[in-house]
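Enquirer: Return atomic coordinates for the entry below.
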Amino acid sequence: MIQVAAKAESAVQAPLIQLRGVTKTYGVGTAAFEALKGIDLDIYAGEFVAIMGPSGSGKSTVMNMLGCLDTPTTGEYLFQGIHVEQLTRQQRALLRRHALGFVFQGFNLLARTSAQENVELPLLYRGESAPVRRELAAKALDSVGLAGWETHTSAELSGGQQQRVAIARGIVTNPLVLLADEPTGNLDSSRSKEIMGLLTVLNQTRKITVLMVTHEAEMAAYASRVVTFADGRVRGDNQQAVTNVV
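Expert: Next up, the predicted model:
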């Protein structure tokens, strides 16, 4: 069974995530498409990283790989020193369950299910008892500003509120890493800023490492680091001053 180390600070911090020479090829022969062409990337605990690039650049492929939803064709993916590319499907599922949280552009909430029950789902998969699920889900909803909305279904929530529920679901297991795929893609500018402010607070106060795919430079401005992909390669990797401070 995978043992995920507790969050810790050290004088010399090793990368939380390391990609070394990672490639990904879909198809075979003349139909083969190389989506990633030798990616080297280090991500450290507590970073807020925006991953940018045009369609087909490889950013979604690498995000799926980081989320243990796909595996490299060649190369190495290390998470806290664990060679993820060598894990079985079941072991990768355990890593997702215990160390990763996910937020999607389309919210992906169960329509006829309450906010509370949606947030409880990752805990259900982990086998937590009903009292524990209720307590942790209520705390997660409170942390995203939705205390008192536990019994409301998706149809009774605005787009911004639905994404807040999705974020609560993503953090309810206290993950080391939150992977956000275009989290503001279905929101207007006001709600987008609201959600980005929330992600910034979670990153700064709870020290959750945030990896976010986005097309929008305005949203990437909330991150402390921007990694740019093009044609299956890393074309830029820049630290930046955060202009949108909460």
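
Enquirer: Flag every buried residue along stretch 196-206.
Expert: M196, L198, L199, T200, L202, N203, Q204 (16 or more other CB atoms under 10 Å). Every residue, glycine included, has its C-beta placed from N, CA and C.

Enquirer: ok, now which ones touch the residue nearest in space to the middle of the chain?
Expert: Geometric centre of the chain, nearest residue: L179, 0.6 Å, by CA atoms, centre = their mean. L179 makes contacts with M63, L66, G67, L100, G101, F102, V103, L211, M212, as judged by CB atoms under 8 Å, 6 or more residues apart in numbering.

Enquirer: Provide the secondary structure category for the residue of the chain most remote from its centre.
Expert: In the chain, T30 marks the outermost C-alpha relative to the chain mean, sitting 33.7 Å out by CA atoms, centre = their mean. Counting by DSSP: H, G, I helix; E, B strand; the rest coil, the backbone at T30 sits in helix.

Enquirer: show me what contacts E85?
Expert: Contacts of E85 (CB under 8 Å, 6+ apart): T71, P72, G75, E76, Y77.

Enquirer: Apart from its neighbours in sequence, what residue is nearest A115?
Expert: Of all residues not flanking A115 in the chain, V165 sits nearest, at 4.7 Å (CB to CB, 6 or more residues apart in numbering).

Enquirer: wait, that neighbour sits on A140?
Expert: No. Counting by CB atoms under 8 Å, V165 does not reach A140; the two are 9.2 Å apart.

Enquirer: residues shared between the contacts of these two?
Expert: With CB under 8 Å, 6+ apart as the test, V165 and A140 both reach V119.

Enquirer: about what we covered before: what distance do you get for the residue farthest from the centre of the chain to G58?
Expert: 21 Å (CB to CB, to the nearest Å).

Enquirer: rewinding a little: from the contacts of E85, which single one is nearest N108?
Expert: The nearest member of the contacts of E85 to N108, counting by CB to CB, is T71 at 22.5 Å.
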